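> Please work out how this folds:
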Amino acid sequence: MIQREAGVSKSTVYAHYANKEALFTAVIEAECAAFTNTVHGIEFRPGKLRETLTRLARAYLDIVLSPGGLAMFRVVIAEGPRFPKLARAFYLAGPQVMTTLVAGQLASAAASGEVDLGEIGRDTAASLFINLVRGEPQLQCLTHPDAAPSSAQIDQWANAAVVTFMRAYGRGEDSPNKRSQS
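Residues are numbered from 1 along each chain as shown. The predicted structure is shown next:
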């Protein structure tokens with residue numbers, strides 16, 4: 001399929017890639033880079049953590065719940081046991097990039113006093129946030145392939161993740177962490 005789409009011969013494709021796994025890895029990395037490029041422009045602004053996290057959550061859900069995102073996830077999970085390097089490449093190029101991006105945002109928010117990440121640190125907090133965002137929505141879409149979520153449903157999922165995260169780690173006026181320090 002790749003060879004036909006590129007308009008080249010099979011030998012040309014395999015002159016650039018040692019085997020199918022290397023070819024699939026390159027495709028996965030390119031697709032993940034295209035997906036995650038959509039979130040790189042979201043920047044933290046002091047006093048706007050909730051807004052930033054909401055934008056990140058919405059953008060990430062748009063990626064992982066898209067037909068392409070779901071298809072890639074299914075393929076990687078199905079082929080992971082046979083091609084563990086492919087699964088690792090997917091993780092590093094997709095979910096890990098997103099977690100690292102969120103960790104950077106959380107570091108800025110911690111520096112400005114908007115979150116208290118305490119003992120867990122920014123990387124674990126970022127991973128927890130990404131899992132709050134992706135967990136139930138992705139599972140629902142994977143197990144109900146004929147039912148696409150509405151924009152309102154995606155907003156609701158994003159908001160639930162942000163509210164939960166902010167209640168756990170936020171230091172705003174309405175945060176339990178702020179009230180307990182008063």
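> Lowest mean pLDDT among the helices and strands of the protein, which one is it?
Sorting the helices and strands of the chain by mean pLDDT, DSSP states H and E puts helix 176-181 at the bottom, at a mean of 49.
> neighbours around residue 67, how many?
Residue 67 sits with 10 neighbouring residues when counted by other C-beta atoms under 10 Å. Just so you know, the C-beta spots here come from the backbone N, C-alpha and C atoms, and that holds for glycine as well.
> So it versus residue 141, what's the distance?
According to C-beta to C-beta, to the nearest Å, residue 67 stands 9 Å off from residue 141.
> Check residue 51 too.
For residue 51 relative to residue 141 (C-beta to C-beta), the value is 25 Å.
> Which one of those two is surrounded by more residues?
residue 141 (20 against 13).
> what's the pLDDT at the more buried one?
On pLDDT, residue 141 comes in at 96.
> Could you pull up the contacting residues of it?
65, 70, 147, 148, 149 (C-beta atoms under 8 Å, 6 or more residues apart in numbering).
> show me where this structure has helices.
Assignment of helices within the chain using DSSP state H yields the ranges 2-6, 10-16, 20-37, 49-64, 67-79, 84-93, 95-111, 121-143, 151-169, 176-181.
> what about the second one, average pLDDT?
If I follow you right, that is helix 10-16. Per-residue pLDDT over helix 10-16 has a mean of 61.
> and if you look at the fifth one?
Regarding helix 67-79, the rounded mean pLDDT is 91.
> and if you look at the shortest one?
When the per-residue pLDDT values of helix 2-6 are averaged, the result is 58.
> thinking again about what came up before, now the contacts of residue 141 in a markdown table, with distance to residue 35 and neighbour count?
Compiled in a markdown table, the contacts of residue 141 are given as follows (distance: C-beta to C-beta, whole Å; neighbours: other C-beta atoms under 10 Å):
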| residue | distance to residue 35 | neighbour count |
| --- | --- | --- |
| 65 | 11 | 21 |
| 70 | 12 | 16 |
| 147 | 22 | 10 |
| 148 | 17 | 13 |
| 149 | 17 | 16 |
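> Closest one of these to residue 99?
For the contacts of residue 141, the closest approach to residue 99 (C-beta to C-beta) belongs to residue 65, at 17.6 Å.
> Just give the number of residues close to the residue lying closest to residue 157 once chain neighbours are set aside.
If the residues on either side of it in the chain are set aside, residue 157 comes closest to residue 137, at 4.6 Å by C-beta to C-beta, 6 or more residues apart in numbering. By other C-beta under 10 Å, 22 other residues sit near residue 137.
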